[in-house]
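Visitor: Just need the structure, nothing else, for what follows:
(one chain, ligands or ions: 1)
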Amino acid sequence: ARTPVSVTVTGAAGQIGYALLFRIASGQLLGADTPVRLRLLEIPQAVKAAEGTAMELDDCAFPLLDGVDIFDDPTQAFAGANVALLVGARPRTKGMERGDLLEANGGIFKPQGEAINAGAADDIKVLVVGNPANTNALIAQQHAPDVPAERFTAMTRLDHNRALAQLAKKAGVSVSDIKKMTIWGNHSATQYPDLFHAEIAGKNAAETVNDQDWLENTFIPTVAKRGAAIIEARGASSAASAASAAVDHVHTWVNGTAEGDWTSMAVVSDGSYGVPEGLISSFPVTTKDGKWEIVQGLDIDGFSRGRIDASVNELAEERDAVRKLGLI
Ligand code: NDP
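Guide: Okay, the predicted model is just below:
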């Protein structure tokens with residue numbers, strides 16, 4: 001049998017964690033021939049709840065699950081990790097300023113970056129889900145100087161999947177007919193879901209839909225504000241869809257994008273498309289052999305340029321704010 005892959009999940013007792021762990025343990029993260037060992041990190045007051053989830057994981061008798069360990073210390077939780085899913089974060093509560101939010105998250109993602117630097121496996125791949133995900137990923141990355149920067153990513157795959165679903169509905173096609181969807185920028189309301197490079201059955205999506213009003217005034221806001229719409233309808237934030245997107249993100253990173261397609265991932269910018277170097281921003285990326293590459297050479301028209309710049313400017317502001325707070 002193959003050696004188990006160690007997957008560390010933070011915020012394991014939370015909503016997303018609850019939807020995520022069973023998918024990982026069943027083999028959907030890495031594939032049906034790869035055993036996994038789960039390492040759960042929680043804050044001390046949530047360790048008991050994580051133990052309850054671990055009991056349920058036992059009770060599923062997943063053939064690929066090699067074991068579950070629970071920690072309240074990041075150094076132990078990330079020791080030997082091959083994949084790290086950073087889900088736990090400090091949510092924004094009423095009356096909280098952005099600076100307070102960034103500071104609280106700095107207190108979480110700085111020690112986690114340090115712990116990854118100190119003890120994760122050489123092939124560590126990190127996905128940050130906890131918000132503000134892009135900037136939390138930047139904080140962790142900056143505190144892991146010995147880990148290649150490209151191993152730190154943040155999740156925009158849920159936005160990507162939401163965009164696929166909305167476009168499929170509008171065009172009356174299946175999501176599998178759509179290729180080359182892109183989310184640019186920040187995982188926030190400023191994100192830019194781009195239909196100008198997407199394809200439906202091989203034809204340009206924006207031209208096929210041919211409805212700029214829908215694109216600007218329905219499609220983009222629906223995708224960008226979907227999280228709030230789900231809270232409104234369900235009375236709780238999206239959890240299963242976020243977990244599903246996290247599984248997709250890692251699965252695609254490890255197993256590669258299909259020929260003629262790409263995905264969306266927030267990755268460290270090399271300056272492509274005018275995104276300042278070092279920001280963790282969403283791009284169209286292809287993946288192969290466990291490595292991602294930003295798709296090059298796309299034409300960006302004035303409309304897209306404005307949208308990308310607005311989201312990237314927000315990321316630059318968040319980076320400046322965490323710098324000012326001494327978090328990076
Ligand atoms: P969830 O599991 O619902 O969400 C966790 C994080 O994912 C939040 O930051 C949330 O952001 C974010 N997120 C990103 N995308 C989405 C999306 N599409 N839909 C919903 N959430 C999204 O939160 P819970 O409060 O249920 O659980 C969090 C757990 O994390 C708790 O058990 C807590 O104890 C733990 N925690 C662990 C830490 C650690 O291990 N060191 C540190 C901090 C917390 P948003 O808030 O913006 O929705």
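Visitor: Spell out which residues of the protein are next to the ligand.
Guide: 10-11, 13-17, 41-43, 46, 87-91, 108, 129-131, 133, 158, 227, 237-239, 242 (Cβ under 6 Å from any ligand atom). Where you see a C-beta, it was placed from the backbone N, CA and C, and this is true even at glycine.
Visitor: Got a quick ChimeraX command for the buried subset of those residues?
Guide: Of the residues of the chain next to the ligand, the buried ones go into a single ChimeraX selection, burial set by 16 or more other Cβ atoms under 10 Å:
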select :10,11,13,14,15,16,17,41,42,46,87,88,89,90,108,129,130,131,133,158,227,238,239,242
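Visitor: What segments of the protein are helices?
Guide: Under the criterion DSSP state H, the chain contains helices at 15-25, 47-59, 74-77, 98-119, 133-142, 157-171, 205-209, 212-214, 220-224, 226-234, 240-255, 302-324.
Visitor: max-length strand in the chain?
Guide: For the chain, the strand with the greatest residue count under DSSP state E is strand 280-288.
Visitor: mean confidence for it?
Guide: Across strand 280-288, the average pLDDT comes to 98.
Visitor: looking just at contacts, which helices and strands does that strand meet?
Guide: helix 133-142, strand 152-154, strand 182-184, helix 240-255, strand 263-268, strand 291-294, helix 302-324 (3 or more Cβ pairs under 8 Å, 6 or more residues apart in numbering; DSSP states H and E).
Visitor: contacting residues around whichever residue of the stretch 51-200 of the chain sits closest to the ligand?
Guide: Nearest residue of the stretch 51-200 of the chain to the ligand, counting by Cβ to the nearest ligand atom: Gly88, 2.5 Å away. Residues in contact with Gly88 (Cβ atoms under 8 Å, 6 or more residues apart in numbering) are 10-12, 14, 17, 41-43, 108, 130.
Visitor: Tell me the one among the residues you listed nearest to Ala118.
Guide: Of all those, Ala118 sits closest to Leu41, with 14.2 Å by Cβ to Cβ.
Visitor: tell me which residues of the longest strand of the chain are tucked away?
Guide: 280-287.
Visitor: Need the max-distance pair from these.
Guide: For the buried residues of strand 280-288, the maximum inter-member distance is 18.0 Å, found between Ile280 and Thr286 (Cβ to Cβ).
Visitor: His251 - how many residues pack around it?
Guide: Close neighbours of His251, defined as other Cβ atoms under 10 Å, add up to 17.
Visitor: okay, the longest strand of the chain in PDB with CA atoms only?
Guide: Presented in PDB, the C-alpha positions along strand 280-288 are these (Å, rounded to 0.1, in the frame of the first residue of the first chain):
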ATOM      1  CA  ILE A 280      -1.900  36.600  -3.400                       C
ATOM      2  CA  SER A 281      -4.500  37.200  -6.100                       C
ATOM      3  CA  SER A 282      -6.800  35.000  -8.100                       C
ATOM      4  CA  PHE A 283      -5.700  34.200 -11.700                       C
ATOM      5  CA  PRO A 284      -6.500  31.700 -14.400                       C
ATOM      6  CA  VAL A 285      -4.000  28.900 -13.800                       C
ATOM      7  CA  THR A 286      -3.200  25.500 -15.200                       C
ATOM      8  CA  THR A 287      -1.800  22.800 -13.100                       C
ATOM      9  CA  LYS A 288       0.500  19.800 -13.800                       C
END
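Visitor: what angle sits between it and helix 240-255?
Guide: With axes from the mean of the first three to the mean of the last three Cα atoms, to 10 degrees defining the directions, strand 280-288 sits at 50 degrees from helix 240-255.
Visitor: How about the contacts made by Val285?
Guide: 257, 262-265, 267, 292-295.
Visitor: can you check Glu114 too?
Guide: 74, 143-144.
Visitor: want to throw those residues into TSV with pLDDT?
Guide: Shown next, in TSV, are these (pLDDT from 0 to 100):
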residue	pLDDT
Pro74	98
His143	98
Ala144	98
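Visitor: ok, of those residues, which come out buried?
Guide: 74, 143-144.
Visitor: any idea how far the residue of the stretch 1-150 of the chain found nearest the ligand is from Gln112?
Guide: Nearest to the ligand, among the residues of the stretch 1-150 of the chain, is Gly14, at 1.9 Å (Cβ to the nearest ligand atom). The gap separating Gly14 from Gln112 is 15 Å, by Cβ to Cβ, to the nearest Å.
Visitor: Report the distance from the longest strand of the chain to the chain centre.
Guide: 11 Å (Cα atoms, centre = their mean, to the nearest Å).
Visitor: Over to stretch 295-310?
Guide: On Cα atoms, centre = their mean, the centre of stretch 295-310 falls 21 Å from that of its chain.
Visitor: Next one: the closest residue in space to Gly106 that isn't next to it in sequence, what pLDDT does it get?
Guide: Distances taken as Cβ to Cβ, 6 or more residues apart in numbering place Leu327 nearest to Gly106, at 3.5 Å, with adjacent residues excluded. The per-residue pLDDT reported for Leu327 equals 95.
Visitor: Report whether the expected contact of Leu327 with Pro111 is present.
Guide: No - if you go by Cβ atoms under 8 Å, Leu327 and Pro111 don't touch, sitting 11.3 Å apart.
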